[in-house]
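Engineer: Got a predicted model here, sequence first, then my questions.
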Amino acid sequence: MLEINQKWGLTYLPAFIRVLFKGMPGVFCHRHQLIFCWLVVMQMVLFEPRRLTRLSQSAPPLITEWRFRRLLSAGYWSLQILLWWFAEQAIKSFPEPEDKVAYVVTDGSKKDKRGKQNPAAQKGREGEHHYWFFGIRFVVLMLAWDVYRIPVDFCVVLPKEHPDYKTENELFRQMLSRFRPPDWARVVIVSADAAFASKENMKLVKRIDQSDQKRRWDFVFAIARTWNMEDGKSLSNLVKHTPYSCYRRTWIPRLPGDRGRKSFWIFEKRTRLRHIGDVIVVLSKNGRNVGPKKTKLLVTNLLELTGREVICIYQRRWSIEILFKELKSGLGLGEHQVTKKIDRIEKSIGIAIVAYLILIRARKGDIKPGKSWSIFQLKNNFTMHLIQNQFQHSLEIKMKKLRKAA
C-alpha cells in the first residue's frame, strides 16, 4: 500500500482537496479550519496507527501535534454540524436509485482501549456467549442504496454510571428523529438487528410516517422470540411448533461483489403484535432440518411484501458491518490518544467518519453503480493522486528558483 512518509511530507493542499472543504459551515475560529483540514487529510492517507504524533509527522512543519490536540480540545465548535453537512454533500454526489427507496440502517460497535482513565471506556460484552471487552461503544446511523453506504450520524454510548448515560435504543431514536432523508427518497425503510427491535423504536417509525407528508416510512427488524402476539401467544411457541413441512425454500441474490446466491427456508405469517399492530413475521433458517434455536425472526409493517422480499431488505444491514471494518482498519477510528473529556473522544471518532465521507466524494468516479468497492482501494488511488500533485508542485517551485537564478 502507498503511504506518505516523513521524509517528504506534504507542503500544501491541492485544489482538488480544497474544493471538498469549500462551503462547509463556519464553526471555526482563528486557524482551526486549516488545522482541521490537515487532520482529516492525514487521517485519509496514512495506513499505520493514526495517532496524533504520527499524523503530525507527515504534515507540514507548522502543523504540529499540539495544534491537533488544541483543535480536538476546543469546546466551541461542534463536530455534529460538520458531519451532517459532509454527509449531505456525499449523498448529493451519487446518483439516486430508480425505485426512490432509501434504507436507513443502524448498529452498534466498539473500539478496544487500554487506558482506564478514558471517561467513555467501559467493560462489557455483546452477548452471553461473547468474550468480555474494554473499550468505547458507539452507535452509527447509515443511509444505504444500491452499493452506496453513507454514515449520517453517530453517538457514543457512555458508561452506565455516567450522569448523561443513554441506552443504545435511546440514542438510536435521537438520531432517527433528527435525520432528514434526501429529497429524492419516496420510501424510507429502517432496518436493524434484534438489539434495536423495541416497541418504542417501531412506534417512532410509525409516528414519523404519519408526520412526513412527502414519503413513506416502514421498518424491517430482526426480533426476539420473547415477543407476544396480540392473542397472547408467544413467538417462541410459533418457532418451536411450526412443522418443517410449512417451510418453503427460496433464494436471494448476494450483495455486489459476492458470487452465487443464498438459499433459505422461510415461513411467513401475518399477525398482530401487542403495541405494534398488523405485521408480517418471517421465520428464516439456512436448512430445512435446522432446529428452532438457529431460526431468525424478522418483522415488518410492509404487509404487501413476501417473505423473500423481507429477507432481501434485511440483507442490506450487512453493509453497516462493512462500514465498521472500513472505519476501524482503513481510517483509524478511535486511534487518537485523547482522554479526560467526552467531547474530545466524540470528535476523535467523528474525524474518521468525516474522512470517510470526504474520501468517497474525492474518489466517487471509482464507485460504479452495481459493482462492489472498498475504502482501501479508494485510499490507494487518493494517495497516488496526492503524491503526483505534490511532486508536480515541488518541481514547479524548483524550476522557478532556477529561472530566477539564471
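Structural biologist: Thanks, I have the structure now.
Engineer: how much space between the residue nearest to Leu323 when sequence neighbours are not counted and Cys312?
Structural biologist: Leaving aside its sequence neighbours, Leu323 sits nearest to Arg149 (Cβ to Cβ, 6 or more residues apart in numbering; 5.2 Å). To be clear about C-beta, it is placed using only N, CA and C from the backbone, and glycine gets the same treatment. When distance is defined by Cβ to Cβ, to the nearest Å, Arg149 is 17 Å away from Cys312.
Engineer: now do Glu161
Structural biologist: Taken as Cβ to Cβ, the span from Glu161 to Cys312 is 42 Å.
Engineer: Neighbour count: those two, which is higher?
Structural biologist: Taking neighbours as other Cβ atoms under 10 Å, Glu161 and Cys312 compare with Cys312 leading, 16 against 7.
Engineer: For stretch 108-128, buried residues please.
Structural biologist: Gly108, Ser109, Lys110, Lys111, Lys113, Asn118, Ala120, Ala121, Gln122 (16 or more other Cβ atoms under 10 Å).
Engineer: Contact partners for the second one?
Structural biologist: Same thing as Ser109. Arg137, Phe138, Val140, Phe324, Lys328 (Cβ atoms under 8 Å, 6 or more residues apart in numbering).
Engineer: Using the three-state scheme, assign Lys269.
Structural biologist: Three-state assignment for Lys269 (DSSP: H, G, I helix; E, B strand; the rest coil): strand.
Engineer: same deal with Leu34?
Structural biologist: Under the three-state scheme (three-state DSSP), Leu34 adopts helix.
Engineer: That one and Ile351: what is the separation?
Structural biologist: Counting by Cβ to Cβ - Leu34 and Ile351 are separated by 15 Å.
Engineer: Likewise for Arg261?
Structural biologist: 39 Å.
Engineer: who's more crowded, Leu34 and Ile351?
Structural biologist: Using other Cβ under 10 Å as the criterion, Leu34 and Ile351 rank with Ile351 on top: 29 against 16.
Engineer: wait, what's in contact with the more buried one?
Structural biologist: Applying Cβ under 8 Å, 6+ apart, the residues near Ile351 are Leu39, Val40, Gln43, Leu79, His336.
Engineer: go with 6 Å
Structural biologist: Counting by Cβ atoms under 6 Å, 6 or more residues apart in numbering, Ile351 touches Gln43.
Engineer: With Gly334 instead?
Structural biologist: Lys111, Ile136, Ile349.
Engineer: Now the second one. Its backbone dihedrals?
Structural biologist: When read as degrees, to the nearest 10, the backbone of Ile136 gives phi -100, psi 130.
Engineer: and it, how many neighbours does it have?
Structural biologist: Neighbours of Ile136 using other Cβ under 10 Å come to 24.
Engineer: What separation do you get for it and Ala87?
Structural biologist: 21 Å.
Engineer: so who does the spatially most central residue of the chain touch?
Structural biologist: In the chain, the centroid-proximal residue (Cα atoms, centre = their mean) is Pro151; its distance is 4.0 Å. Counting by Cβ under 6 Å, 6+ apart, Pro151 touches Val140, Met142, Ile353.
Engineer: Now render the residues you listed as TSV, adding neighbour count and distance to Pro292.
Structural biologist: Listed next are the contacts of Pro151 as TSV, based on neighbours: other Cβ atoms under 10 Å; distance: Cβ to Cβ, whole Å:
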residue	neighbour count	distance to Pro292
Val140	23	32
Met142	24	31
Ile353	24	39
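Engineer: I'd like these laid out as TSV, including secondary structure and distance to Arg403.
Structural biologist: Listed next are these as TSV, based on DSSP: H, G, I helix; E, B strand; the rest coil; distance: Cβ to Cβ, whole Å:
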residue	secondary structure	distance to Arg403
Val140	strand	52
Met142	strand	52
Ile353	helix	45
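Engineer: which residues in the stretch 101-250 of the chain form helices?
Structural biologist: 168-178, 199-211, 235-241 (DSSP state H, counting those that start in this stretch).
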